[in-house]
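Student: kindly generate the corresponding structure for this input.
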Amino acid sequence: MCSGLALFWIEILSVNGIGAGSWLRLSKSVEARRIISMLRSAGGRGELERLIGRKVDPPDRKSLDAQHAFIGKKRCGAICIDDPIYPPLLREIPLPPPLLFYSGDPSVLKGPAVCVVGSRNACRRGLLMARRIGGELAAAGYLVVSGMARGIDGMAHEGAIDGGGKTAAVLGCGVDVPYPPENASLAIDISGKGCIVSEFPPGTPPVRHNFPQRNRILSGLSLGVVVVEADIDSGAMGTARWAAEQGRDVFAVPGPVEHAGSRGPHRLIREGACLVENTGDILAELPRAGMLPLSWPVSGQERGADAAGDAAGSMGEAEKSVFAALEVDPKHVDELVQICHISATSILPVLLSLEMKGLVESCGGGRFALADGLGNGIKESG
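Tutor: Numbers count the residues shown, from 1 in each chain. Below is the predicted model:
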């Protein structure tokens with residue numbers, strides 16, 4: 001669905017020669033209906049060309065038909081910058097998208113939002129942190145915004161959904177294009193629990209140059225941007241730069257100094273970003289969301305500490321030794337054998353026992369790690 005005004009905008013932006021910038025400038029002096037009448041007559045197109053200073057062609061009929069077919073689908077549509085439902089924060093940025101196509105419930109975009117982004121090839125520690133932050137922000141009443149990419153983005157969305165909250169994905173392609181393909185089922189969940197949006201018309205492929213342009217919307221929708229793990233020249237760092245230029249808060253999660261994914265957050269921290277050790281560090285800097293509970297939600301680490309404390313009393317000496325050697329980042333059985341001085345045949349039953357107690361997760365390939373929510377500090381609780 002979309003308003004009649006949005007339908008005008010769709011037709012105008014389907015014209016080769018009218019981009020977002022020229023249309024935003026033009027719309028300040030000429031009504032959409034007047035522009036449509038210009039487009040639909042040869043003489044009017046000449047007048048329009050004089051106004052914008054370039055040649056224009058009639059709207060692409062095939063593209064228009066495809067867009068109209070999309071907005072006719074259930075829970076799909078488009079909103080333009082003049083619609084009351086258009087996100088107010090996004091309207092404030094330089095060169096806001098004149099038109100947003102959506103799948104889901106666009107009303108969620110008007111609420112307080114936080115963007116969580118990071119590496120597509122994140123380590124397990126970063127992935128768990130992204131899911132935890134996404135879940136706890138959602139539980140605190142914030143819309144969790146990300147780009148639905150593999151890695152950190154996807155985990156932030158999943159955390160928000162698991163936390164019973166709302167999440168929104170901003171794509172660098174059409175909202176009807178499943179990208180990346182492995183997140184097709186996640187896209188369905190996001191649309192059901194929030195919204196997927198894009199300034200690109202339905203059917204637009206995920207070409208490389210679309211994503212830097214998309215990143216300004218990620219930050220523009222949000223009160224702040226959280227970078228969990230990122231290389232220096234990554235898209236997540238680009239989103240953080242957009243956030244700084246737009247006057248948004250920038251947050252960064254530090255990591256191991258030898259890990260390439262820590263370089264981006266560490267640079268942001270040196271440049272003044274807020275260092276994030278847990279979700280409370282983010283919430284303390286933001287205005288309270290309307291749904292915010294009276295106390296902060298219990299963090300995954302606190303839940304993990306309780307779990308470790310409950311299970312510690314039932315651990316044998318071999319289990320305590322192996323548990324103490326494990327970390328959030330996976331370790332191979334051979335490495336654990338060396339650290340714990342336990343034979344390979346003896347350590348596997350120990351790992352199985354810890355896994356059954358919910359303290360250890362198998363990460364495949366003979367690698368094991370502390371279960372989600374169990375950090376280094378919780379070992380003291382045992």
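Student: in what helix or strand does Ile79 lie?
Tutor: For Ile79, the element it lies in under DSSP states H and E is strand 76-80.
Student: helices or strands up against that strand?
Tutor: Packing contacts for strand 76-80, counted by 3 or more Cβ pairs under 8 Å, 6 or more residues apart in numbering; DSSP states H and E, involve helix 4-13, helix 61-71, strand 99-104. Just so you know, the C-beta spots here come from the backbone N, C-alpha and C atoms, and that holds for glycine as well.
Student: closest one to Leu218 among these?
Tutor: Nearest to Leu218, of all the helices and strands packed on strand 76-80, is strand 99-104, at 12.7 Å by Cβ to Cβ.
Student: got phi/psi on the residue nearest the centre of the chain?
Tutor: Centroid-nearest residue in the chain, with Cα atoms, centre = their mean: Ser146, separated by 1.3 Å. Phi and psi for Ser146, reported as degrees, to the nearest 10, are phi -160, psi -170.
Student: you'd agree it is up against Leu218?
Tutor: Yes. With contact defined as Cβ atoms under 8 Å, Ser146 reaches Leu218; the gap is 7.2 Å.
Student: anything in contact with each of these two?
Tutor: By the contact definition Cβ atoms under 8 Å, 6 or more residues apart in numbering, Ser146 and Leu218 are jointly contacted by Cys115, Val117, Val170.
Student: output these in TSV; the columns should cover neighbour count, pLDDT and distance to Ala236.
Tutor: Formatted as TSV, the shared contacts of Ser146 and Leu218 follow (neighbours: other Cβ atoms under 10 Å; pLDDT from 0 to 100; distance: Cβ to Cβ, whole Å):
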residue	neighbour count	pLDDT	distance to Ala236
Cys115	33	98	10
Val117	31	98	4
Val170	30	98	13
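Student: can you find the helix or strand of the protein with the lowest average pLDDT?
Tutor: helix 300-312 (a mean of 50; mean pLDDT, DSSP states H and E).
Student: hmm, who's touching the strand holding Ile79?
Tutor: By Cβ under 8 Å, 6+ apart, strand 76-80 touches 1-3, 5-6, 8-10, 67, 70-71, 85-86, 98-103, 106, 175-176.
Student: could you point out the helix or strand that follows the least confident helix or strand of the chain?
Tutor: Taking DSSP H and E, what comes next after helix 300-312 is helix 317-325.
Student: mind giving me the packing neighbours of that following helix?
Tutor: Counting by 3+ Cβ pairs under 8 Å, 6+ apart, helix 317-325 packs on helix 333-340, helix 344-356.
Student: what helices and strands are in contact with the last one?
Tutor: Helices and strands touching helix 344-356, as assessed by 3+ Cβ pairs under 8 Å, 6+ apart, comprise helix 317-325, helix 333-340, strand 360-364.
Student: and with 6 Å instead?
Tutor: Secondary-structure packing of helix 344-356 (3 or more Cβ pairs under 6 Å, 6 or more residues apart in numbering; DSSP states H and E): helix 317-325, helix 333-340.
Student: now swap in the shortest one and tell me
Tutor: Taking 3+ Cβ pairs under 6 Å, 6+ apart as contact, the helices and strands that helix 333-340 lies on are helix 317-325, helix 344-356.
Student: rebuild these as JSON lines, extending it with distance to Met155 and mean pLDDT.
Tutor: Converted to JSON lines, those look like this (distance: least, Cβ to Cβ, whole Å; pLDDT from 0 to 100):
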{"stretch": "helix 317-325", "distance to Met155": "25", "mean pLDDT": "87"}
{"stretch": "helix 344-356", "distance to Met155": "21", "mean pLDDT": "81"}
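Student: could you list the low-pLDDT ranges of this structure?
Tutor: 1-5, 17, 23, 29, 32, 42, 288-314, 373-382 (pLDDT under 70).
Student: what's the helix with the most length in the chain packed up against?
Tutor: Identified as the longest helix of the chain according to DSSP state H is helix 124-139. Packing partners of helix 124-139 (3+ Cβ pairs under 6 Å, 6+ apart): strand 113-117, strand 143-146, helix 152-162.
Student: return the distance of it from the chain's centre.
Tutor: 11 Å (Cα atoms, centre = their mean, to the nearest Å).
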